[in-house]
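Peer 1: next input, structure requested:
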Amino acid sequence: MQSTLLGEALEHASVGVVVFDAEGTYLAVNRFGAELLGYTRNEFLSLRPGELSVRPREEMDDATVDLGRAGRNGRRTIRRKDGSKMPVRYRSFATHMAGMDVFVSFIEPVRSGA
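Peer 2: Here you go, the predicted structure:
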C-alpha cells in the first residue's frame, strides 16, 4: 500500500519527476514533468538523450560523471517542445529499482526572482 500511495503522490505532484538510465534514455515521467516541457508523456519518453538540453554535449558529459557519484543539484536551462527555453532547478540521484540501476530527477521551473 505504501508504494502505491507514493507512486500516486509522485504522479500528481507539482514537480516534474523523470527516471532515466545511464545512457540518458527516459524510462518514466510524471504528468507534470511532461506538461512542464510541453510534451505528452509518450512524446517525452520518445526523446533521445540531450534533446531537452540547450547545450547537449556539455551537459550530458557533466551529468553522467556527477550522477555516477552521489547525485547532483543545480540549475540549468532546458528547451521546451515549442523551442522556448526554461530555467529549471533540479535534484538528481542514482538508485536501483525494478531490477535496474537508474537515475531520478526532480525538476521545477525557476520563478523570476528566485
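Peer 1: who's in contact with the most centrally placed residue in the chain?
Peer 2: Centroid check for the chain by Cα atoms, centre = their mean gives Val18 as the closest residue, at 3.8 Å. Going by Cβ atoms under 8 Å, 6 or more residues apart in numbering, Val18 touches 26, 28-30, 33, 104-105, 107. In this view, the C-beta of every residue, glycine as well, is placed from N, C-alpha and C.
Peer 1: which one of those residues is nearest to Ser92?
Peer 2: The nearest member of the contacts of Val18 to Ser92, counting by Cβ to Cβ, is Ser105 at 4.1 Å.
Peer 1: ok, then the element right after the helix or strand of the chain with the lowest mean pLDDT?
Peer 2: Every helix and strand in the chain was compared by mean pLDDT, DSSP states H and E; the lowest is helix 56-69, with a mean of 50. Downstream of helix 56-69, the next assigned helix or strand under DSSP states H and E is strand 72-79.
Peer 1: for that next one, buried residues please.
Peer 2: Residues of strand 72-79 classed as buried: 72, 76, 78-79 (neighbour count, 16 or more other Cβ atoms under 10 Å).
Peer 1: can I assume Ser3 sits in a strand?
Peer 2: No. If the criterion is DSSP: H, G, I helix; E, B strand; the rest coil, then Ser3 is helix and not within a strand.
Peer 1: pairing partners for the residue nearest to the centre of the chain in the sheet, please.
Peer 2: With DSSP bridges as the criterion, Val18 is bridged to Val29, Ser105.
Peer 1: just the pLDDT at Thr77, thanks.
Peer 2: Confidence at Thr77, expressed as pLDDT, is 89.
Peer 1: and the gap between it and Glu51?
Peer 2: 14 Å (Cβ to Cβ, to the nearest Å).
Peer 1: what's the answer for Ser3, then?
Peer 2: 30 Å.
Peer 1: neighbour count for those two, which is higher?
Peer 2: Comparing Ser3 with Glu51 by other Cβ atoms under 10 Å, the one with more neighbours is Glu51, at 14 against 7.
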